[in-house]
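> what follows is a predicted structure for the sequence shown.
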Amino acid sequence: TAAAMTFTIMLLAENEEAQDKARAEVTQIFDRCDGKIEMQDIQDMTYLEWCVKEALRLYPPVSTMTRTMSEDLQLSKDFLVPAGAEVIFHLYDTHRDPNFWEDPDKFDPDRFSPERSHGRHPFSYL
């Protein structure tokens, strides 16, 4: 979305180190392919992908997601979420939960590197 790209550009403008790494990656790929970009060249822009993911984590384009429970979920002794119930996730809070994200308000594209993503809860980033 336009908002996602705007936030990505804003965050890169505010973070010179990330901006330099993204620029170097794009420049290297453009130089390698002599201006003829193929799908593989775009897929090779891994750091830029991490920047976009990090911008979407910090500023999700939609505030909530809704899912229908496929089975009962017992949250506590006294609280059951029944199958068929609609459950709403607030993405801004999910993506900034300090239980899953170290320094959750910081723009840090490297948190999406394979080394730092390993073992992360699969639903901490939606």
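Right, received. Where do you want to start?
> only C-alpha atoms from now on, for both contacts and neighbour counts.
Will do.
> okay, residue 120: pLDDT?
Residue 120 is assigned a pLDDT of 88 by the prediction.
> err, residue 123, not the other one
pLDDT recorded at residue 123 is 83.
> ok, now the one 3 residues further on?
In this model, residue 126 is scored at 82, pLDDT.
> what about it, how many neighbours?
12 (other CA atoms under 10 Å).
> how far away is it from residue 43?
As judged by CA to CA, to the nearest Å, residue 126 and residue 43 stand 20 Å apart.
> could you do residue 105 as well?
For residue 105, the distance to residue 43 equals 27 Å [CA to CA].
> tell me the centre residue of this protein?
In the chain, the centroid-proximal residue (CA atoms, centre = their mean) is residue 53; its distance is 3.2 Å.
> isn't that residue up against residue 109?
Yes: if you go by CA atoms under 8 Å, residue 53 and residue 109 touch, sitting 7.5 Å apart.
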